[in-house]
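**Q** Provide a 3D model corresponding to the input given below.
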Amino acid sequence: MTPISRRAAAVRPFLAMDVMAAAAAKARDGADVVRMEVGQPSAPAPRAAIAAAQEALATGRVPYTEALGLPALRARIARDYRERHGVPVGPERVVITTGSSAGFVLAFMSLFDAGARVAVPQPGYPAYRSILAALDLVPAPMVLRAEDRFAPTAALLRETHARDPVAGALVMSPANPSGTVITEAALQDVCAAARSLGLPLISDEIYHGLSYGPATVTALRFDPDAVVINSFSKYHCMTGWRVGWMVVPEALVRPIERLAQNLYISAPYLSQVGALAALDAAEELDAVRDGYARNRAILLDAFPGLGLGHIHPADGAFYLYADVGNLTDNAADFCRRMLDEAHVAATPGLDFDPDQGGHHVRFSFAGAEAECHAAVSRLRRWLG
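**A** Predicted coordinates:
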């Protein structure tokens, strides 16, 4: 019998990926499926990124890079923090990673010892809990509240720590699954609370650049020692390129470098070359974001009439997190039937919240405008 480690057994399925596989299978069988299950831009990578990667590939040499990443890319990201956020960041503090996923692994491994409890938002990105569990760390849920607009607060962090002490905290803005943005004042308070409690703060800023009103502010503005994780997957439309970055305190650079050398060697060279070019494609990428804004408006206008009116504040990213408790008490079954009968794929909330997610569904509006109109029409017929 093949043994299965306790760590592997502790990791739950990523339901969004399971729904993606089921939707892809239906599509292969000829079904016309509206894909709203995965947070993946339908737009291609920026033209300049593709051209830069093609030019690099034409040389025939695709090498390793330094474990911390291409110096030119690290310097360009540091410049972005100065110019866009008004925050001085030295290039030596920037770490290029194999997507944000590697960033979380490196952050958790460099900051926490086995058995440590780490505060994470609930609902929240499911891989936080799974990566922590795989590393013998313990996710401590910060259960988000309607009175706080379903965003983490300083009070919630203090309550979580007082209930059972944590070794650190993670926040995300804009959030997955909801798109909710932590206001500037609230983020400042969270950073101050973490600092006063002596807790390292990890800020997931992967959806920065995608907001529809509220400003997205980096935690580095309020805590220069925050560990910031970002990626080229969302705003830059480079999901499959698997390239992201971290900004870390100087004391963590060498420990993270040692881990990265041994775990990953380096992020993909061609992806780093493309990422460097993508940082100068703001006009093209802002046009994509404007398309998301139109999609968001279509769904927000239609969903209340479909019985999907209870939605977390969708300030950014490209998701609506809808309460379907008036329609079902089993969101997983609801999503299965919605795929089978309406040919609309979406993700059940249990991915994001193991306690209350049974009556929530996340819809991604990262696709084309026509797909959003089609989804509304199909759901209107299906829900009757």
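**Q** which stretches of this structure form strands?
**A** For the chain, the strands defined by DSSP state E cover 34-35, 94-97, 117-122, 138-143, 168-172, 201-204, 227-231, 244-247, 319-323, 344-345, 347-348, 360-364.
**Q** between those strands, which one is nearest to Leu15?
**A** Evaluated over the strands of the chain, closeness to Leu15 peaks at strand 347-348, with 5.8 Å, by CB to CB. The way it works is simple: take the backbone N, C-alpha and C, and place the C-beta from them, glycine included.
**Q** strand partners (parallel or antiparallel) of the closest one?
**A** Looking at strand 347-348 with DSSP bridges, its partner strands are strand 360-364 (antiparallel).
**Q** which other residues reach the strand it pairs with?
**A** With contacts defined as CB atoms under 8 Å, 6 or more residues apart in numbering, strand 360-364 is touched by 16, 35-40, 123, 177, 299, 318-325, 331, 334-335, 346-349, 351-353, 375.
**Q** of these, buried ones?
**A** 16, 35-40, 123, 177, 299, 318-324, 331, 334-335, 346-349, 351-353, 375 (16 or more other CB atoms under 10 Å).
**Q** help me confirm that Asn176 comes into contact with Pro121.
**A** No - counting by CB atoms under 8 Å, Pro121 is not a contact partner of Asn176; they are 9.7 Å apart.
**Q** now do the shared contacts for those two.
**A** Joint contacts of Asn176 and Pro121 (CB under 8 Å, 6+ apart) do not exist.
**Q** average pLDDT for stretch 277-288?
**A** Mean per-residue pLDDT for stretch 277-288: 98.
**Q** and what of stretch 356-366?
**A** On average, stretch 356-366 scores 96.
**Q** quick check: end-to-end length of that stretch?
**A** Its start and end residues considered, stretch 356-366 measures 25 Å (CA to CA, to the nearest Å).
**Q** how far off centre is it?
**A** Relative to the chain's own centre, stretch 356-366 is displaced by 14 Å; criterion: CA atoms, centre = their mean, to the nearest Å.
**Q** stretch 110-123 now?
**A** Mean C-alpha position of stretch 110-123 versus that of the full chain (CA atoms, centre = their mean) differs by 17 Å.
**Q** ok, now stretch 189-198?
**A** For stretch 189-198, the distance to the chain centre is 23 Å (CA atoms, centre = their mean).
**Q** likewise stretch 195-208?
**A** Relative to the centre of its chain, stretch 195-208 is centred 14 Å away, using CA atoms, centre = their mean.
**Q** now do the same end-to-end measure for it.
**A** 23 Å.
**Q** any buried residues in that stretch, and which?
**A** Within stretch 195-208, the residues scored as buried using 16+ other CB under 10 Å are 197, 199-208.
**Q** which of the residues you listed lies closest to Arg380?
**A** Arg380 lies nearest to Tyr207 out of these, by CB to CB, at 28.7 Å.
**Q** quick one: contacts for the closest one?
**A** The neighbourhood of Tyr207, defined by CB under 8 Å, 6+ apart, consists of 172-176, 179, 216, 234-235, 316-317.
**Q** now with 6 Å?
**A** By CB atoms under 6 Å, 6 or more residues apart in numbering, the contact set of Tyr207 is 174, 234, 316-317.
**Q** so which of these is the most crowded?
**A** Highest neighbour count within the contacts of Tyr207, by other CB atoms under 10 Å: Ala317, with 32 neighbours.
**Q** now that one: how far from Val344?
**A** Separation of Ala317 from Val344 (CB to CB, to the nearest Å): 19 Å.
**Q** repeat for Asn326
**A** For Asn326, the distance to Val344 - CB to CB - is 18 Å.
**Q** neighbour-wise, which of those two wins?
**A** Remark: of Asn326 and Val344, Val344 carries more neighbours, 23 against 11, as counted by other CB under 10 Å.
**Q** which residues does the more buried one contact?
**A** Each residue near Val344 by CB under 6 Å, 6+ apart is listed here: 34, 338, 375, 378.
**Q** what's the neighbour count on the residue nearest to Leu156 when sequence neighbours are not counted?
**A** Computed as CB to CB, 6 or more residues apart in numbering, the closest residue to Leu156 that is not its neighbour in sequence is Met142, at 5.1 Å. By the criterion of other CB under 10 Å, Met142 has 22 neighbours.
**Q** returning to that earlier point: so which of the strands of the chain gets nearest Ala78?
**A** strand 94-97 (5.5 Å).
**Q** so which elements touch that closest one?
**A** Identification of packing neighbours for strand 94-97 by 3 or more CB pairs under 6 Å, 6 or more residues apart in numbering; DSSP states H and E yields helix 71-80, strand 244-247.
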